[in-house]
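Engineer: sequence and predicted model, in that order:
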Amino acid sequence: MFLEPAILSIIVAKLRGGHLRNLENVCIKGWYLFLIAALVQGLLSIGKKTDIALANKIFEGYSVYIIVFTFFLMIISVIFNIKKNYMKLIFMGLVLNLIVISGNDGKMPVFLNGIEGIKDEISVDVQLPQRGFDIKHVAADKNTKFIYLADIILIPKPYPLPKILSIGDIFLMLGAFQFFQEEMVVHKKAYMSPNTQ
């Protein structure tokens, strides 16, 4: 999801005179909370995929709480850095996704036909084109809550990386784009001496 905006943003930042080496000076308070959230979700996914009994028991009984907890970890880290413009976008994305995930048992509903799927009767038996370790998505149906915050934005072929996104995902992608603009270009300008301007 972040690959395209990251690559595009790096290209744009380079055209604006930015430098990748400026990323060495990036300071993200509480960055380790993102790492912990990713590790927790990763371990849960691996445990579910490998059919470990304890992991399955935890997943079946507490998955919604664990997933929501990881979102709160990421949101706390974002709040630590909320003065950065890209963190405001990431904050909006995380909150919007958290709302729909919390309302649907810790999983993101997916409308395989995009926003048009909202008008259709979608069966919960639909097989989602998930990645191997994906535990966070579920096929949408008539009982889906907060449907307009779910994965309803379809980007189909011939786009080389077709996907289905949520409104929250759009904010996250914008945040990723803005990250490189601020840290590669704006950061650079902030440290330029008067003689170089």
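Structural biologist: Structure's in. What do you need?

Engineer: what mean pLDDT does the helix or strand harbouring A176 get?
Structural biologist: Counting by DSSP states H and E, the element that carries A176 is helix 167-181. What helix 167-181 shows for mean pLDDT is 95.

Engineer: equivalent analysis for stretch 139-153, please.
Structural biologist: Average pLDDT, stretch 139-153: 87.

Engineer: and that stretch, what's buried?
Structural biologist: The neighbour-count check on stretch 139-153 (16 or more other Cβ atoms under 10 Å) flags A139, A140, D141, T144, I147, L149, A150, D151, I152 as buried. Every C-beta, even on glycine, is put in place using the N, C-alpha and C of the backbone.

Engineer: which among those gets closest to V68?
Structural biologist: Nearest to V68 out of the buried residues of stretch 139-153 is L149 (Cβ to Cβ; 14.8 Å).

Engineer: isn't that closest one right up against G168?
Structural biologist: Yes. A contact is recorded between L149 and G168 when judged using Cβ atoms under 8 Å, the distance being 6.5 Å.

Engineer: now for the two: what residues contact both?
Structural biologist: Both L149 and G168 are contacted by L96, N97, V100, under the criterion Cβ atoms under 8 Å, 6 or more residues apart in numbering.

Engineer: which element follows the helix or strand the last one falls within toward the C-terminus?
Structural biologist: Using DSSP H and E, V100 sits in helix 85-102. Past helix 85-102, heading to the C-terminal end, the next element that is a helix or strand (DSSP H and E) is strand 108-110.

Engineer: now G17. Nearest residue, chain neighbours left out?
Structural biologist: V185 (6.6 Å; Cβ to Cβ, 6 or more residues apart in numbering).

Engineer: wait, is that neighbour part of a helix?
Structural biologist: Yes. Checked against DSSP: H, G, I helix; E, B strand; the rest coil, V185 lies within a helix.

Engineer: what distance do you get for it to L23?
Structural biologist: 11 Å (Cβ to Cβ, to the nearest Å).

Engineer: those two: which has the busier surroundings?
Structural biologist: Comparing V185 with L23 by other Cβ atoms under 10 Å, the one with more neighbours is V185, at 20 against 15.

Engineer: surely the more buried one meets G18?
Structural biologist: Yes. Judged on Cβ under 8 Å, V185 makes contact with G18 at a distance of 3.9 Å.

Engineer: circling back to that earlier point, now the helix holding V100: buried residues?
Structural biologist: Quick answer for helix 85-102 (16+ other Cβ under 10 Å): 86-94, 96-98, 100-102.

Engineer: widest-spaced pair of those residues?
Structural biologist: The farthest-apart pair in the buried residues of helix 85-102, when distances are taken by Cβ to Cβ, is Y86 and S102, at 24.1 Å.

Engineer: got the contact list for the nearest residue to G18 once chain neighbours are set aside?
Structural biologist: Using Cβ to Cβ, 6+ apart and skipping the chain neighbours, the partner closest in space to G18 is M184 (3.3 Å). Under the criterion of Cβ under 8 Å, 6+ apart, the neighbours of M184 are I10, A13, K14, G18, H19, L20, N22, L23.

Engineer: need phi/psi at the fifth one.
Structural biologist: It stands for H19. Backbone geometry at H19, expressed as degrees, to the nearest 10, gives phi -140, psi 140.
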